[in-house]
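Asker: Make a model of this:
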Amino acid sequence: MDVRVIVHLIEVEERRLHLKLACSSLFDFCRRRLNMSEGAAFRRINAARLVARFPALLAHLQRGATHLSTLVLLRDFLTAENVDELVAATSGKTKREVQELLVARAPRPDVPSLLRKLPTAREGAQPALMLRPPVAPAPAPRLEPLSPERYKLQLTASVELRDKLERARELMRHRNPSGDLAVVVEQALDALLEKLERERLGKTTRPARNARPAKEGAITAATRREVFARDGEQCTFVDHEGQRCPARGFLELDHIEARARGGSGAASNIRVRCKSHNLRHAEEVFGREHVETKIRIRQRKCGEAATLTSEDDSPFELAMRGLVNLGFAKGEVARAVDVARQREPGLREAADVLRGALRVLT
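Answerer: As a prediction, this is how the structure comes out:
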């Protein structure tokens with residue numbers, strides 16, 4: 001195997017070069033820029049990240065002592081201490097042999113046996129009973145084209161999802177007499193999309209005429225609607241060849257002139273960026289180390305806030321969500337709610353908690 005590709009991918013990810021080429025992820029870079037299949041991209045990205053953690057693997061790959069499929073199996077077992085030993089133990093072995101070696105080293109608990117009737121494979125075949133462990137987890141949902149305008153959707157439903165589908169089907173029988181599940185799913189998605197468009201894109205059928213002035217640099221709902229419509233709900237990053245990032249998921253609104261440096265919340269200063277390219281812009285403005293420090297602080301604050309919420313503390317959780325929706329930072333909200341709890345131990349209603357926390361915040 002040509003290990004230069006692995007070295008190349010390590011360098012690309014470390015220097016975030018894929019972002020400069022309008023790719024929202026390393027996987028996207030491998031698929032669109034290097035024309036790899038999904039399986040090839042998955043194996044090579046895993047190998048690159050493992051080599052970055054354990055440089056000794058590069059020599060093993062160069063001399064053929066291990067290969068990409070084996071590294072995918074070993075990724076959760078490798079440590080700095082056992083790299084050479086595990087590679088030697090799995091060298092030359094098939095996928096099944098590697099799996100058997102790994103479960104021998106780290107046994108998993110037994111699974112209950114399953115007794116089920118196998119479907120008849122062909123006409124005249126005898127039905128059979130088979131005693132075996134349950135099958136592996138169901139594959140991810142698939143959407144396959146059947147014709148230019150028709151698709152096959154396949155997924156595994158939980159009991160809860162099945163019950164919801166059945167109830168929805170029965171409730172709309174007057175409009176869908178045949179009980180066609182495709183009709184149920186499509187109308188459910190219409191309702192979900194309407195909700196998500198309000199939350200994420202700021203869409204509304206009744207825009208406020210006399211909205212309150214926003215805080216300096218804050219993005220109003222009207223601006224959110226305008227920017228997402230203007231940018232087509234797609235990341236706006238364009239590389240030096242004029243190629244635009246195709247990402248439509250994990251979209252965020254990015255201040256062209258950073259808000260921390262006085263950038264306004266006007267639509268002319270706001271653009272749609274995917275999470276990766278938004279992060280890249282922040283690193284260009286403030287430096288990678290500064291951004292990573294801020295992310296760690298925010299994650300720690302979110303962890304602290306999570307400790308304050310549980311099923312028994314639902315009023316506190318509701319109050320915290322309300323305050324965050326009002327624009328307060330999660331870390332500040334967590335501390336304010338905690339102070340309110342200490343000042344008034346008898347708080348039990350969300351409205352009381354909200355008022356108590358607001359007094360602390362203001």
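Asker: Show me the shaky parts of this structure.
Answerer: Where the chain drops to pLDDT under 70, the residues are 1, 108-142, 209-214, 303-314, 326-327, 345, 347-348, 362.
Asker: Can you pull the phi/psi pair for the most centrally placed residue in the chain?
Answerer: Geometric centre of the chain, nearest residue: F250, 7.8 Å, by CA atoms, centre = their mean. With angles defined as degrees, to the nearest 10, F250 sits at phi 50, psi 40.
Asker: And S158, by the same measure?
Answerer: Main-chain torsions, S158, degrees, to the nearest 10: phi -80, psi 170.
Asker: next one: L50
Answerer: phi -70, psi -40.
Asker: so what's it up against?
Answerer: Each residue near L50 by CB atoms under 8 Å, 6 or more residues apart in numbering is listed here: L57, L71, L74, R75, L78. Yep, even glycine has a C-beta here, placed from its N, CA and C like the rest.
Asker: how does it look with 10 Å?
Answerer: I6, I10, L57, L58, L61, L68, L71, V72, L74, R75, L78, V83 (CB atoms under 10 Å, 6 or more residues apart in numbering).
Asker: Now that the fourth one has come up, it's in contact with I6, right?
Answerer: I take that to be L58. Yes - between L58 and I6 a contact is recorded at 7.2 Å, counting by CB atoms under 10 Å.
Asker: Report the set of residues contacting both of the two.
Answerer: With CB under 10 Å, 6+ apart, L58 and I6 have common neighbours A47, L50, V51, A52.
Asker: quick one: the second one from Q187, how far?
Answerer: Right, the one you point to is L50. 46 Å (CB to CB, to the nearest Å).
Asker: Skipping its backbone neighbours, what lies nearest Q234 in space?
Answerer: Nearest residue to Q234, sequence neighbours excluded (CB to CB, 6 or more residues apart in numbering): R248, at 5.3 Å.
Asker: SS state for that neighbour?
Answerer: At R248 the chain is in coil, as set by DSSP: H, G, I helix; E, B strand; the rest coil.
Asker: Could you do E85 as well?
Answerer: Three-state assignment for E85 (three-state DSSP): helix.
Asker: ok, now which ones touch it?
Answerer: Counting by CB under 10 Å, 6+ apart, E85 touches T79.
Asker: Distance-wise, check it relative to L78.
Answerer: 10 Å.
Asker: from the contacts of L50, which is closest to R230?
Answerer: Nearest to R230 out of those is I10 (CB to CB; 37.4 Å).
Asker: next SSE after the host helix or strand of the closest one?
Answerer: Counting by DSSP states H and E, the element that carries I10 is helix 4-14. The helix or strand immediately downstream of helix 4-14 is helix 17-20, counting by DSSP H and E.
Asker: If you count contacts, what does that following helix end up packed against?
Answerer: helix 4-14, helix 26-32, helix 275-286 (3 or more CB pairs under 10 Å, 6 or more residues apart in numbering; DSSP states H and E).
Asker: and G262, which of these is closest to it?
Answerer: Closest approach to G262 among those (CB to CB): helix 275-286, 12.3 Å.
Asker: rewinding a little: with distance to A208, neighbour count and secondary structure as extra columns, can I get the contacts of L50 in TSV?
Answerer: Listed next are these as TSV, based on distance: CB to CB, whole Å; neighbours: other CB atoms under 10 Å; DSSP: H, G, I helix; E, B strand; the rest coil:
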residue	distance to A208	neighbour count	secondary structure
I6	54	24	helix
I10	50	18	helix
L57	58	23	helix
L58	59	16	helix
L61	60	21	helix
L68	55	17	helix
L71	55	25	helix
V72	52	16	helix
L74	57	23	helix
R75	51	13	coil
L78	56	17	coil
V83	60	19	helix
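Asker: circling back: tell me which of the helices and strands packed on helix 17-20 lies nearest to E197.
Answerer: Judged by CB to CB, the one of the helices and strands packed on helix 17-20 that comes nearest to E197 is helix 275-286, at 19.2 Å.
Asker: buried residues in the closest one?
Answerer: S276, H277, N278, L279, R280, H281, A282, E283 (16 or more other CB atoms under 10 Å).
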